[in-house]
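Student: Quick one, what's the 3D model for this:
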Amino acid sequence: MNAPRTRVQRRPVHGVLLLDKPLGLSSNDALQKAKWLLRAEKAGHTGTLDPMATGVLPLCFGAATKFSQIHLDADKTYEAIAQLGQKTSTGDSEGEVIQTRHVPHLTDRHVAEMQVLFTGPLAQVPPMHSALKKDGRALYEYARAGEEVERPARDIVVHALELSLLPGDQLRIVAKVSKGTYIRTLGEDIGEALGCGAHLVALRRIATGPFDVAQCVTLRELEALDEPQRAARLLPVEALLQGHERVTLGMEDAGRFLSGLRRRGSWPNAPQVAAFGPDGQLLGTAHIQAGELIPTRLLSPIEIKQMSGSTEPVPV
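Tutor: Just a heads-up that it's a prediction; the model follows:
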């Protein structure tokens, strides 16, 4: 699908679009296409997917961009196919084959051993072909220049791992992992542990936080809809705040909260709070400390009015 060129009039759009990112498109390109289709003024995503990867990419519009960090930090679930017996320069099929080894006869017992070995807290060395920075330069810049630099291992967690053998010396990997986990590296490490090496030939993100791929829309599907139907695919901003305790404030407390003031009271014992006004409109997030409700991220009065569609003044 070619990038749209027509100039459109932007408008305030607030909400979350669950996109099934297509193969071969960068996360930013996918974001820009969706932004154009929705005629949105402001947009951002919640963590990149490689062009070779497909799947769940939550896109945030307007006020939702203020809470995108929550899903940058969320656990994610991936389905991948690894080709055993070949190691590539990038850990996936986009790189050159740099090593070929014999694949031993593998059984379900070997797979079960790998599941145990690679489940739980792990130390993972990030790949050279990644956007992590060293001395102000992305690692992939060193890699493209033919340089390999030392990278410290990072602590990750593989919460759940399911492995199964496929024909053609391939291995299916389904992994629920913590933030910062590289599935390419996980596939390579499993291949090394099996004694034959491996690289990924397919990668799909099937869940991030509370969102899964069954909830997603593709760019082609979105393009086929009319404008009201596209807007109907947006989830409300508060969809990003699942897991936050809901607190409803009265008119006076809502106004003080939006001014950034702390409010003392009988608040729930919860680490993360989503604050709503008396009309049920989201005001922002907060945390509770020593009996005080302390604002963390606030919506602006203009954003609140646009989201509610109300012409009434917002308490400030």
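Student: C-alpha from now on. contacts and neighbour counts both.
Tutor: Noted.
Student: what residues are up against T77?
Tutor: V174, A175, K176, V177, R205, I206, A207, T208 (Cα atoms under 8 Å, 6 or more residues apart in numbering).
Student: I'd like the list of these that fall within strands, please.
Tutor: V174, A175, K176, V177, R205, I206, A207, T208 (DSSP state E).
Student: mind listing the helices in the stretch 201-316 of the chain by residue range?
Tutor: 219-224, 227-232, 251-258, 301-308 (DSSP state H, counting those that start in this stretch).
Student: what do you get for the stretch 1-150 of the chain?
Tutor: Using DSSP H, counting those that start in this stretch, helices in the stretch 1-150 of the chain cover 27-38, 68-72, 108-117, 139-144.
Student: quick one: which of these is nearest Q229?
Tutor: helix 27-38 (10.1 Å; Cα to Cα).
Student: Buried residues, the closest one. List them.
Tutor: Within helix 27-38, the residues that count as buried by 16 or more other Cα atoms under 10 Å are S27, A30, L31, Q32, K33, A34, K35, W36, L37, L38.
Student: List the contacts of E79.
Tutor: If you count contacts by Cα under 8 Å, 6+ apart, then E79 has R172, I173, V174, A175, L203, R204, R205, I206 around it.
Student: If we use 7 Å, what do you get?
Tutor: I173, V174, A175, L203, R204, R205, I206 (Cα atoms under 7 Å, 6 or more residues apart in numbering).
Student: ok, for the fourth one, nearest residue in space, not its chain neighbours?
Tutor: What that stands for is L203. Spatial nearest neighbour of L203, chain neighbours left out: A80 (4.4 Å); criterion: Cα to Cα, 6 or more residues apart in numbering.
Student: The one you found and T54: what is the separation?
Tutor: As judged by Cα to Cα, to the nearest Å, A80 and T54 stand 10 Å apart.
Student: more crowded one of the two?
Tutor: Ranked by neighbour count (other Cα atoms under 10 Å), A80 and T54 place T54 first, with 25 against 21.
Student: beta partners for the more buried one?
Tutor: R204 (DSSP bridges).
Student: Would you confirm that it contacts K21?
Tutor: Yes - assessed by Cα atoms under 7 Å, T54 is found in contact with K21 at 5.0 Å.
Student: Check the offset of the longest strand along the chain from the chain's centre.
Tutor: Using DSSP E, we find that the single longest strand of the chain is strand 154-166. A distance of 18 Å separates the centroid of the chain from that of strand 154-166, by Cα atoms, centre = their mean, to the nearest Å.
Student: CA atoms of that strand as PDB?
Tutor: C-alpha atoms of strand 154-166 as PDB (Å, rounded to 0.1, in the frame of the first residue of the first chain):
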ATOM      1  CA  ARG A 154      20.400  -6.900  30.900                       C
ATOM      2  CA  ASP A 155      18.000  -8.600  33.300                       C
ATOM      3  CA  ILE A 156      14.800  -9.800  31.700                       C
ATOM      4  CA  VAL A 157      12.100 -12.200  32.600                       C
ATOM      5  CA  VAL A 158      10.500 -14.900  30.400                       C
ATOM      6  CA  HIS A 159       7.200 -15.300  32.200                       C
ATOM      7  CA  ALA A 160       6.000 -18.200  30.100                       C
ATOM      8  CA  LEU A 161       7.600 -20.200  27.200                       C
ATOM      9  CA  GLU A 162       6.100 -22.800  24.900                       C
ATOM     10  CA  LEU A 163       8.300 -24.500  22.300                       C
ATOM     11  CA  SER A 164       7.400 -27.000  19.700                       C
ATOM     12  CA  LEU A 165       9.200 -28.700  16.800                       C
ATOM     13  CA  LEU A 166       8.100 -28.100  13.200                       C
END
